[in-house]
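> Sharing a model that was predicted from the sequence below.
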Amino acid sequence: MLLFPSRSPLVVLGLALCAVTAPLGAQGASAAPHPITAADIAAWKTLRGATLSDNGQWFAYLQAPNEGDAEVIVRQTVAGGIVRRYPVGEVPAAGGFGSGTPGLQLSGDGKWLAILVYPKAAEQKRLRQQRRPIQSKALVVNLATGAQREFDRIRRIAFGGDAPTYLALQAYGADAPSGGGNGGGPAPGAPGMGGNLFGGGGGRVDGADLLLHELGTATVFNVGNVGDFAFSDNGRLIAYTIDARDMVGNGVQLRDLTTGVVKSIDAGKALYRRLAWTDTLASLAFLKGTADSANTDTTWAAVGVARAGAPTQKLVMVGAGATTALPAGMEVSPDRTPRWLEAQDGLLIGLRVAAPPLLKGEALEDDDKPSLILWHGKDARLQSMQLVQEQADKGFSFMATYLPASDKVVQLTDEVVRTATLGTRDALLLGSDNSAYERQTSLDGIQRRDVYVIDTRTGVRTLVKKEARGNAQLAPDARTVLFWDDGHWQAYDVATKKTTNITQGAPVSFVDTEDDHNVDRPATQVVGFSRDGRFVLLQDNYDVWRVGLAGNSFANLTVDGRAKKIRYSRRISVDARERGIDLTRPIYMVAMQHLTKKEAFVRLDPNRTGAVVLSGWRDTRLAPMKARDADVWVASIQSSTRFPDYWRVAFAAGALADSTQLSDANPNMNGVAWSAGSRLVSYVTEKGDSLQGALYLPAGYREGTSYPTLTFIYELQSDNLNAFYSPTYSSSPNALIGVHTSRGYAVFLPDIVYKLNDPGMSAVWSVVPAVKAAIATGIVDSARVGLHGHSWGGYQTSFLVTQTNIFKSAVAGAPLTDMVSMYSSVYWNTGSANQGIFQSSQGRFKGNFLENKEAYERNSPNRFADKVKTPLIILHDDKDGAVDFNQGITYYNTLRQLNKDVILLEYVGENHGLAQWKNKRDYSQRLMEYWDAYLKGQPAPEWLKSGIPRLKMDEHLREQKKKLEGKKIAM
């Protein structure tokens, strides 16, 4: 239900920025553009995994169609540079080509490319039918020469360091899983992976071959039975665990890649897991597990290796097999990766409560175990939430520090302060305790916690703020804790233990007055801390302010944001390794003119006030990235009519200059009918709020002609004016905008603002004036307007059709329809109650339904079902874990009893949104037929006119499939 919309265009349109797509197929430039068909959607491509080498010389990305085989494209970033293309088969969803791109890697020095290659789609289908594993191979390319080398059955690849001499390739194990293996992601136990990967620590993962390929040569070293591996930061050393059958020869080994010398760090009949190097120094940590005599459990030790491989190498160990005393009742946890503190004087480890071993015969067999779930009124967390979080709870560990010099273990978190995050400078943890508020938070949704700072060497815990609301942040230098309280930002000085209200004297408020949720004075955005620890950059919804952490220091760095309605909100990080914002260097941001939606790439010079516009204000969206070690910028640039390809960009005289196109995923887009552009529509709500909507024009738009129009609703959406919507199948209305406009529809996205206690009526007060304003443009045909919303938008849709007849037809996806019964139901995807959603999130009600009964009832669609005159389709799936299926089926039954024009589409086994491609395709096709029948006057298919008997459903589905394959319906 909760999609948690954001004003940030990158958040609102995350899909559009990463789903860069284009149709395939030979389409002559002179051919008349045609409406998008099912074949076009299948062939439409996406771009993901965009990667820029650290030196800025090479750029690579994955280009994949919605259905079928993909390719990796790598090219030089200079005009006319080398372009290389590599087929990579059909990449699975977890194929390692997303964030972090483990399946597509450019070496930092721009000399090498390594990618995982999968079987083609047809081959994968055959393998699945034969229940055989689908495995990737690796391809290594010398970018200068184009020379390449393949390695079969490889599931993980990694370069050693920024300027690597070696590439590590880990093969599949003997018992590789079927159906796609691990998708090319990290091997079990890879550094940084969380969760309970090894069944609580007692399981065994057989190792596989690790190939060490010396780049630029034919040399390959094969190390057998490797479970995990990790390069040191500079790539000179590689550590790996041996994980052999029966644990014979198990251990941790270290190879110096410059000398070839291999050293045994530790060995024994044990399990070795979770290798982790320090960021800079060559020091290593890992876990060592030893099975007990009964072989029913494993006890663990954390091992630290300081100055690994050097003559002064030192090994320390704490936990099982070591003499150091652990806190009473505790043992080392296998579910937290150990790591050295920055000063190399302590090892940060995880502790768990040592469970007493069960005596023989005590364990309940499944046949004897009652299937009881006991819900108690005093439970801090609902049993449903405990069930969802059960595996996380089993893998929960407390944090502790082992200090080798004193041979002591200092416990840092416990049952009181259970959670904490490590600061950038690891001298301190920022801890929190919500135990006193957890039950109340589960009821009203307001997050409360007691905030502490914890010394990682002594464990001394100091209270920062009692019952803090919102997030607290520890400055990178660990000298200040920033938190929000009583409508102001407060800075807690760790040394003096003094709290200063740092925004009290500011010439502007940092309360987010544009947030219309039922939350007490929410805060605006924190841009970041300065590196020197003196300042924090705060945004007031428009300008960026440099605010002194000592108080009484304010500088407006952007100057004109509020006056000109410019939002400076998206800072571009130019160094992922930064520890705070360097205020001696320029700050780069993307800004948006709120009233026009134009964007610009801007530079802030901290020693001067005012933003320097680098790109000019354009009717586009920009998503820039910078090479880490060079002044090379690449940006995705899109508009409603411009596909978001990547460009190398330079900035001169306040405009983009010397742009070089780096991707061209849709060279034949001109062969497809596409939207003629987008326009802003301004309107005033019935309560006097001035709002905007984004109106997408249909393909072939002619001035003076009115068109059938689809209105898609979900809170604030006008910032999407310059978003490019690639055609696809989806249960999300916005994802289909490109399809609809291609087929001759206008699409309208109006903003909605809310008044407390009236979420449904707020939609009426906003949307009806918005549609009337859109009709007044002459673009929208007043007799042919449809309405569609999903989740919270589905609720708004199901309510709107009870209050207005302005819409010819409507679709409500996964709608809330009874606010009273929904209030106390469960959000099964998380296990939490819905009560907090109603009181402090999207519901925007004051109090519960007993305290505010009339408000809940007057905003419940089912209370006004008799008023519905608009034909309605409801999409609701039986396994919906956000909005209970009962909300949809009861509304359907009520409307059916009242002889309303209503249809319910249920896709068995699906959750809150459709996940299976076959279902998304079927649903999208039915929507096309539905809109065409009601808004274009085309003949209605049988399923829409009369329904389909269950015994004839298979025949009907075959016919629907033929429509797609035969292109009988333009999609």
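Thanks, I have it. Everything numeric in this text was worked out from a predicted model, so none of it was measured.

> and residue 127, which of the three is it?
Taken by DSSP: H, G, I helix; E, B strand; the rest coil, the conformation at residue 127 corresponds to helix.

> Let me know how buried it is, in neighbour terms.
Residue 127 has 17 neighbouring residues, counting by other C-beta atoms under 10 Å. (Each C-beta comes from the backbone N, C-alpha and C, glycine too.)

> Could you do residue 636 as well?
The number of residues near residue 636, taken as other C-beta under 10 Å, comes to 24.

> correct me, but it touches residue 645?
Yes: using C-beta atoms under 8 Å, residue 636 is in contact with residue 645, at 7.2 Å.

> Residue 495 is in what secondary structure piece?
Using DSSP states H and E, residue 495 sits in no helix or strand.

> how close does it get to residue 720?
Going from residue 495 to residue 720 by C-beta to C-beta, to the nearest Å gives 47 Å.

> which one of those two has more residues nearby?
residue 720 (24 against 7).

> and that one, what are its phi and psi?
Phi and psi for residue 720, reported as degrees, to the nearest 10, are phi -80, psi 10.

> Could you tell me the per-residue confidence at it?
pLDDT, residue 720: 96.

> what about it, distance to residue 378?
The gap separating residue 720 from residue 378 is 45 Å, by C-beta to C-beta.

> what does residue 876 give?
Computed as C-beta to C-beta, the residue 876 to residue 378 distance reads 34 Å.

> swap in residue 82?
Separation of residue 82 from residue 378 (C-beta to C-beta) stands at 67 Å.

> Looking at the two now, which is surrounded by more residues?
residue 82 (12 against 5).

> Quick check: closest non-adjacent residue to that one.
Spatial nearest neighbour of residue 82, chain neighbours left out: residue 76 (5.1 Å); criterion: C-beta to C-beta, 6 or more residues apart in numbering.

> again with residue 57
In this structure, residue 57 finds its nearest non-sequential neighbour in residue 110, 4.1 Å apart by C-beta to C-beta, 6+ apart.

> Now do the contacts for that neighbour.
Counting by C-beta atoms under 8 Å, 6 or more residues apart in numbering, residue 110 touches 53-58, 143.

> That one is in what secondary structure piece?
With DSSP H and E as the test, residue 110 turns up in no helix or strand.

> where does it land on pLDDT?
pLDDT for residue 110: 93.

> and the gap between it and residue 633?
For residue 110 relative to residue 633 (C-beta to C-beta), the value is 16 Å.

> ranges for the helices of the stretch 501-650 of the chain?
Under the criterion DSSP state H, counting those that start in this stretch, the stretch 501-650 of the chain contains helices at 561-564.

> what do you get for the stretch 51-200 of the chain?
With DSSP H, counting those that start in this stretch applied, the stretch 51-200 of the chain shows helices at 121-129, listed in chain order.

> And the stretch 751-900 of the chain, by the same measure?
759-776, 792-803, 819-823, 835-840, 853-858, 885-897.

> So which of those helices is the most surrounded?
Comparing the helices of the stretch 751-900 of the chain by mean neighbour count (mean count of other C-beta atoms under 10 Å), helix 792-803 ranks first with a mean of 27.

> Let me know the average pLDDT across that one.
For helix 792-803, the mean per-residue pLDDT is 98.

> list the contacts for the residue nearest to residue 292 when sequence neighbours are not counted?
Of all residues not flanking residue 292 in the chain, residue 299 sits nearest, at 6.7 Å (C-beta to C-beta, 6+ apart). Contact analysis of residue 299 by C-beta under 8 Å, 6+ apart lists 289-290, 292, 319-320, 331-332.
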